[in-house]
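[1] Dropping the sequence and predicted coords here.
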Amino acid sequence: MEKPCTFLVHFDKGSPSMANEIKAELESGDGPAKADAMRRAISLLLNGEPLPHLFITVVRYVQSCDDHAVQKLLLLYLETVDKRDAATGKVLPEMILICQNLRNSLQSPNEYIRGVTLRFLCRLTEPELLEPLVPSVLANLEHRHQFVRRHALSAVSAIYSLQHGDQLIPDAPELVERALASEQDPAARRNAFLMLLAAGQDRAVAYLFSSADRVAEWPDLLQMAAVDLIRKVCRSKGRADKGRYITVIISLLSASSAAVVYECAGALVSLSSAPTAVRAAANTYCQLLSSQSDNNVKLIILDRLHELRSSHREVMVDMVMDVLRALASPNVDVRRKVLDLVLDLLTPRNVEELVLYLKKEVVKTQAAEVEKGGEYRQMLVQAIHNCAKKYPEVAALVVHLLMDFLGDPNVAAALDVVLFVREIIETNPKLRVSMIQRLIDIFYQIRASRVCSCALWILGEYSLSLSEVESAISTIKQCLGDLPFYTVSEEGETTDSSKPSQPAVNSVTVSSRRPAVLADGTYATQSAATETAISAPASALGSLASSQNLRSLILSGDFFLAAVVACNLTKLVLRLEEIQPAKVEVNKASTEALLIMVSILQLGKSSYLPHPIDNDSYDRIVLCVRLLCNTGDDVRKVWLQSCRQSFVNMLAEKQFRETEEMKAKAQITYAQPDDLIDFYHLKSRKGMSQLELEDAVQDDLKAATGQFTKDADDTNKLNRILQLTGFSDPVYAEAFVTVHHYDIVLDVTVINRTKETLQNLCLELATMGDLKLVDRPQNYTLAPESSKQIRANIKVSSTETGVIFGNVVYETSNVMERSVVVLNDIHIDIMDYISPATCADVAFRNMWAEFEWENKVAVNTVIQDEKEFLNHIIKSTNMKCLTPPSALDGECGFLAANLYAKSVFGEDALVNISVEKQADGKLSGYIRIRSKTQGIALSLGDKITLKQKGGNS
């Protein structure tokens, strides 16, 4: 069995010292030589060397040395050396030799020697050695120096806490109480108070109440001890005198120590749920949030505020603006937590003030010196978006400012803005006209293809008046530039037709061709002769590229955007037919739109670009051409009404799902019909303060609604018991597995099934995967037919399926060799570490593109219905389906869905299911898993492979 150790020292195994060398130096050396020998002796003892014959030498030659360093090392040696006989467990007789030296040290005129000796006695557990030293220890309680008194109080506390310590110092609490009353040293007072807290709780409470009006003046060490006492007393004694304890806590909230204030706020919330107490704790947390500069401290405080929000939301609503001050921190994690917290505290009363504050923060992000300004701006836009979803009336305050960021170089931030604009323009019709006009004015500034696509859709759907439709068509034409997109010269060269013509330059024409980079960043094929041509002025090309963003993107090969341009031009022309009385203007617009589409098709089929147009985009543009040439009423209804209606349905369903999730999270406690009704104003006050009265009312309410009682779910515990050995094995073992976030606890019950005593029984465990054993195995002796509870702690470092395996090793008296019983393997399921989570579609796509680990699992199941298979996978993997139910409606023989989950370590797990029903009724397809780490992708793939068949698997 491993021995307990009170300190550790580095030991260099390269040059081990011999016991004879140490003994010689102790006998003949001076002070420094003896100190060096003692250090080596202690290192050997700590690393398992017994050194049995050295003790007498130490007693003879080291005890008499006056060197303080040697005396300190002597105490460390005595702390390390075995003081009991391994066979009998009794104290070794030679240990009596050190008692006189310890008594002399306790009476030494040097305060340092007395102090370190008293500190050594705190670690001494042998009553036989401590008994003759007790009078000297008690005498030091009245020593003139605080260093000695401080350690004397610690020694008294340590001795009294031993198994029979109350027999060694029966009146210890009374002595310490008297010492505490006259003590002035902060550390000594703390040590005395802690001793009373552990051994004489009533005396500690009496001292606290006698000094209640002076607690705020106590040193911070003693204040922390007082908070610990209040927590312990209230936890054990319930609500007795709780009001007096709360008064003490309230007075400590104004302490100078931030640590004391933080602990007091936590204690106050645990003691009382009265609104006044919760508000005081929240105010304290907000003050600490503003005053502390350490980001880790800020994150911890924000966690406490999140806990308050979950249980006392109505109080935290008033703290929103105080919490928002923490946005001044440059740390992105702090800012993200602050925004998450305030978004959960939105009400009609504070939403306008909150949005205006966020608007100011958005303006600040434009400054170049703001750290990670683009990422912070994206977070702010998302926060404002969430505010506007809940309260659409505040959108008018910020939407026009945010639209200025559509051309943001941070594509993610610009995309969030355009999605926000798309949603607000539907949910807030009063802003539609001004938003369309603003979008038309700034459209040329947009540089990202995905942002352009969404902005074009908005123009196509929500440009309703004649002037808006004409302006939208004109803006799109201007951003596309002159047609065609390229021209073919007589020599067969292709050039961008939008470039101004240049004067001819004499050059040698070379027949070889190679791609060249144009001013807008696209590629073109040109002859070597043009390399010496005079290019257009840089300023002219820059201005051209800035106003013709659509042209630049299409010439870079983005034909999906080209298809979006064609579709929205078609919508605008169809709407123009309805609102424009002059057919000439309608025919002109239709002809220009057709010319643009044909030019795009010509560009896609030419060799001007390195890659031709894709089939999907080609088909969409051809469909638009046919539609403009021959329009029917049914098709017109689909394009002008059904598209927007689908978007409206999507928003409604999204809102419904979010509302349902909020209802599921809300834990509402309902009173039973026969519960008592508590009338606040009829309650007997009995001299109670307002806070005490509120606390009493809240406690009564909790008792009535059953919030004090917690039902233990014992049925689930039975499912966690695993049998490790067989019933016929000489040793039977079973384990109860408890999986926490970052560790696994195995409570193993070992039963001796034989009629013999098992000696040196040891549970040896090993792990596979990212699991690590914390404790070393210990040896036990097991009597016949008796049992033993063994606990093993295992640390978990990542989300990965792990295996715990091992065996039970033991010895019997009549068999010399050790016997081994192999244990069944314990498989740690990945499902214990991942939980369903939600994320935006944009975030899912970004992570899908970013994550490098992919596991592709072929569908192999007996299930023949696509939706049933999807539900089976969701249930088996403990993931959430991000694809809305409306997208899964209907029977088409094909299904594609995205699943998402998050691990306790913050890892993301992405799953895409694509299945198709074959002619024989079976399902085929693939399940693709992506994650940032290899372990979660492989483990989740193995889980799906095991579970996907359905039925009884």
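    Yes, it's here. Residues are numbered from 1 along each chain as shown.
[2] Only C-alpha atoms from now on, for both contacts and neighbour counts.
    Will do.
[3] Next, the contact list for Asn752, please.
    Asn752 makes contacts with Pro730, Val731, Tyr732, Leu758, Leu782, Ala783, Pro784, Glu785, Ser786, Ser787, as judged by C-alpha atoms under 8 Å, 6 or more residues apart in numbering.
[4] how about a cut-off of 6 Å?
    Going by C-alpha atoms under 6 Å, 6 or more residues apart in numbering, Asn752 touches Val731, Pro784, Glu785, Ser786.
[5] what's the last one sitting at in phi/psi?
    Ser786 adopts backbone torsions of phi -110, psi 170, taken as degrees, to the nearest 10.
[6] Going by neighbour count, list what's buried in stretch 101-114.
    Using 16 or more other C-alpha atoms under 10 Å as the test for burial, stretch 101-114 gives Leu102, Arg103, Ser105, Leu106, Gln107, Glu111, Tyr112, Ile113, Arg114.
[7] Could you list the residues in contact with the helix or strand harbouring the last one?
    The one in question is Arg114. Using DSSP states H and E, Arg114 falls within helix 111-121. The contact list for helix 111-121 (C-alpha under 6 Å, 6+ apart) reads Ser105, Leu106, Val148, His151, Ala152, Ala155.
[8] and the fourth one, how far is that from Thr631?
    Summarising the geometry, the distance separating His151 from Thr631, computed by C-alpha to C-alpha, to the nearest Å, is 96 Å.
[9] quick one: which of these two has more around it?
    When His151 and Thr631 are compared for neighbours, His151 comes out ahead with 26 against 11, by other C-alpha atoms under 10 Å.
[10] per-residue pLDDT, that one?
    For His151, the model assigns a pLDDT of 90.
[11] so it is in which element?
    When secondary structure is defined by DSSP H and E, His151 falls within helix 146-160.
[12] could you pull out the strands for the stretch 251-400 of the chain?
    Counting by DSSP state E, counting those that start in this stretch, the stretch 251-400 of the chain has no strands to list.
[13] Show me how the protein divides into domains.
    556-637, 715-828, 832-948 (the TED database).
[14] Need the ones you listed in JSON lines (columns: mean pLDDT).
    Formatted as JSON lines, the domains of the chain follow (pLDDT from 0 to 100):
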{"stretch": "domain 556-637", "mean pLDDT": "86"}
{"stretch": "domain 715-828", "mean pLDDT": "82"}
{"stretch": "domain 832-948", "mean pLDDT": "85"}
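[15] And the helices in the stretch 751-900 of the chain?
    For the stretch 751-900 of the chain, the helices defined by DSSP state H, counting those that start in this stretch occupy 841-850, 866-877.
[16] From these, pick the one with the highest average neighbour count.
    Ranked by mean neighbour count, the helices of the stretch 751-900 of the chain are led by helix 866-877 with a mean of 18 (mean count of other C-alpha atoms under 10 Å).
[17] what separates Ile169 from Pro885, distance-wise?
    Ile169 is 73 Å from Pro885, by C-alpha to C-alpha.
[18] Then Phe851?
    Using C-alpha to C-alpha, Phe851 is found at 26 Å from Pro885.
[19] now swap in Cys65 and tell me
    Going from Cys65 to Pro885 by C-alpha to C-alpha gives 85 Å.
[20] Next: Leu401.
    Between Leu401 and Pro885 the distance, using C-alpha to C-alpha, works out to 35 Å.
[21] what's the answer for Glu585, then?
    Remark: distance between Glu585 and Pro885 (C-alpha to C-alpha) = 44 Å.
[22] So these two - more neighbours on which side?
    Glu585 (14 against 11).
[23] and the more buried one, what element?
    Assigned by DSSP H and E, Glu585 belongs to helix 583-605.
[24] How far off centre is that helix?
    Relative to its parent chain, helix 583-605 has a centroid offset of 53 Å by C-alpha atoms, centre = their mean, to the nearest Å.
[25] got a list of contacts for the very next helix or strand once past that helix?
    Proceeding N to C from helix 583-605, the next assigned helix or strand is helix 615-629, under DSSP H and E. The contact list for helix 615-629, computed with C-alpha under 6 Å, 6+ apart, reads Phe560, Ala563, Ala566.
[26] among the residues you listed, which are in helices?
    Among these, DSSP state H puts Phe560, Ala563, Ala566 in helices.
[27] between the residues you listed, which has the most around it?
    Highest neighbour count within those, by other C-alpha under 10 Å: Ala566, with 26 neighbours.
[28] For it, give me its contacts.
    By C-alpha under 6 Å, 6+ apart, the contact set of Ala566 is Ile621.
[29] what about it, distance to Glu470?
    16 Å.
[30] can you map out the helices along the stretch 351-500 of the chain?
    Secondary structure of the stretch 351-500 of the chain, counting by DSSP H, counting those that start in this stretch: helices at 351-364, 373-390, 395-403, 411-427, 432-442, 449-462, 466-480.
[31] Between those helices, which one is closest to Asp889.
    Closest approach to Asp889 among the helices of the stretch 351-500 of the chain (C-alpha to C-alpha): helix 411-427, 23.6 Å.
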